[in-house]
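Trainee: below: sequence and its predicted model.
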Amino acid sequence: MEIMITVLELIACHFIGDYILQTRFIAESKGENFYHLFIHCFTYCIPFYVLFGLNWQLIVVFVVHFITDPLKARWHKINYLTDQIIHFVVMSVYFIQ
């Protein structure tokens, strides 16, 4: 049951960080402007920080998000589905102690 709660928390963090906290302006400009990409990755991590605190997992989530988003938004090397799969796989770091 505890694992299921953690999974739901991670999904909620991802949804809030990637969709609710991301403005249209940031979504449209993060592919061309690394400062806007940094701001998006920072705000993406806020829900994870609120629920899980500052830890090495949060840093992994930030760094991988900073790498994968330009692959989709700037260089079009991955599609939306691949991007989402990467995000969910990376979130599994929260199960590593």
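Mentor: Yes, it's here. Numbers count the residues shown, from 1 in each chain.

Trainee: in this structure, where is pLDDT below threshold?
Mentor: Within the chain, no range satisfies pLDDT under 70.

Trainee: mind doing that once more with 90?
Mentor: Along the chain, segments meeting pLDDT under 90 span 1, 73-76, 97.

Trainee: pretty sure residue 61 is touching residue 93, no?
Mentor: Yes: at 7.0 Å, residue 61 and residue 93 qualify as touching, with contact defined as C-beta atoms under 8 Å. For every residue, glycine as well, the C-beta is placed using N, CA and C.

Trainee: and these two? which has more neighbours close in?
Mentor: Neighbours were counted for residue 61 and for residue 93 using other C-beta atoms under 10 Å; residue 61 has more, 26 against 16.

Trainee: residue contacts, that one?
Mentor: 44, 45, 48, 90, 91, 93 (C-beta atoms under 8 Å, 6 or more residues apart in numbering).

Trainee: for residue 10, state which of the residues you listed is nearest.
Mentor: residue 91 (4.6 Å; C-beta to C-beta).

Trainee: residues contacting residue 18?
Mentor: 44, 87.
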